[in-house]
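Engineer: Predicted model follows, preceded by the sequence.
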Amino acid sequence: MVDKPAASESDARAEHVRDLLRRSIAVKQKLIENHCDGIVRLAEICIEAIAGGGKLMFCGNGGSAADAQHLAAELLVRITPQLDRDGVPAIALAMDSSAMTACGNDYSYEIFYERMVKTLGRKGDVLIAITTSGMSPNVIRALKAARARGIVALGFLGGKGGLALTECDAAVIVPDSETGRIQEAHIAMGHAMMELIEEGLLARGAIHRV
């Protein structure tokens, strides 16, 4: 039989959860106060690219790779449950485990995203790089490769933006140093941005209801 935690232990854990949620709310409040225009700007760049025949590519590591897949899926399928519409061209570059592990085995994981951008990206596309530290070498290499090919490089960053900021045409930086809180803000930003993209493409007739 498993012993239940003492009331004081349970209370302490509940307070830990409350504190975590308060910190998450505080970070999002900073976004509300300072970064909404930046999120709108990123969405507008994406709308222009897709309406012009381009696509979105997403990349990140760990939880940010999962966020990249999450956001690409919102566009490929739908983000608004009540709205049936055409798919929007979006690729999460980490989805192909065979290509990723082959690259890691034959070359290095550090060049994987760069290689995908060089191979799959075209002028007129947009790369959205998600990194909480802004210091991920593979993400930075992908951003450099994108800009060299006329692909717009956007960032969902954290902290002070790190080296990735210098390789972005535009970015929103979550002003915090706690990885989990930055990731929570990134997915909230991403949902807002995907909704704006969906609405903007429908308004322009670039995609249609089905």
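Structural biologist: Noted; the coordinates are in hand. Numbers count the residues shown, from 1 in each chain.

Engineer: so where's the chain uncertain?
Structural biologist: For the chain, residues meeting the criterion pLDDT under 70 lie at 1-6.

Engineer: Which strands border the longest strand belonging to the chain, and is each parallel or antiparallel?
Structural biologist: Using DSSP state E to define each element, the chain has its longest strand at strand 152-158. Looking at strand 152-158 with DSSP bridges, its partner strands are strand 126-130 (parallel), strand 170-174 (parallel).

Engineer: and for it, what are the contacting residues?
Structural biologist: Identification of contacts with strand 152-158 by CB atoms under 8 Å, 6 or more residues apart in numbering yields 42, 45-46, 49, 60, 64, 67, 125-134, 143, 146-147, 161, 164-165, 167-174, 176-177, 179, 182, 186, 189-190. From N, CA and C alone the C-beta is placed, and that goes for glycine too.

Engineer: repeat that for 7 Å
Structural biologist: Residues lying outside strand 152-158 but in contact with it, judged by CB atoms under 7 Å, 6 or more residues apart in numbering, are 42, 45, 49, 126-134, 143, 146-147, 164-165, 167-174, 176, 182, 186, 189-190.

Engineer: can you dump the C-alpha coordinates of it into PDB?
Structural biologist: What follows is the C-alpha trace of strand 152-158 in PDB, where atoms were taken according to Å, rounded to 0.1, in the frame of the first residue of the first chain:
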ATOM      1  CA  VAL A 152      12.700  34.900 -44.700                       C
ATOM      2  CA  ALA A 153      14.100  33.900 -41.300                       C
ATOM      3  CA  LEU A 154      11.800  34.400 -38.300                       C
ATOM      4  CA  GLY A 155      12.500  33.600 -34.600                       C
ATOM      5  CA  PHE A 156      10.500  32.500 -31.500                       C
ATOM      6  CA  LEU A 157      13.300  33.200 -29.000                       C
ATOM      7  CA  GLY A 158      13.900  33.500 -25.300                       C
END
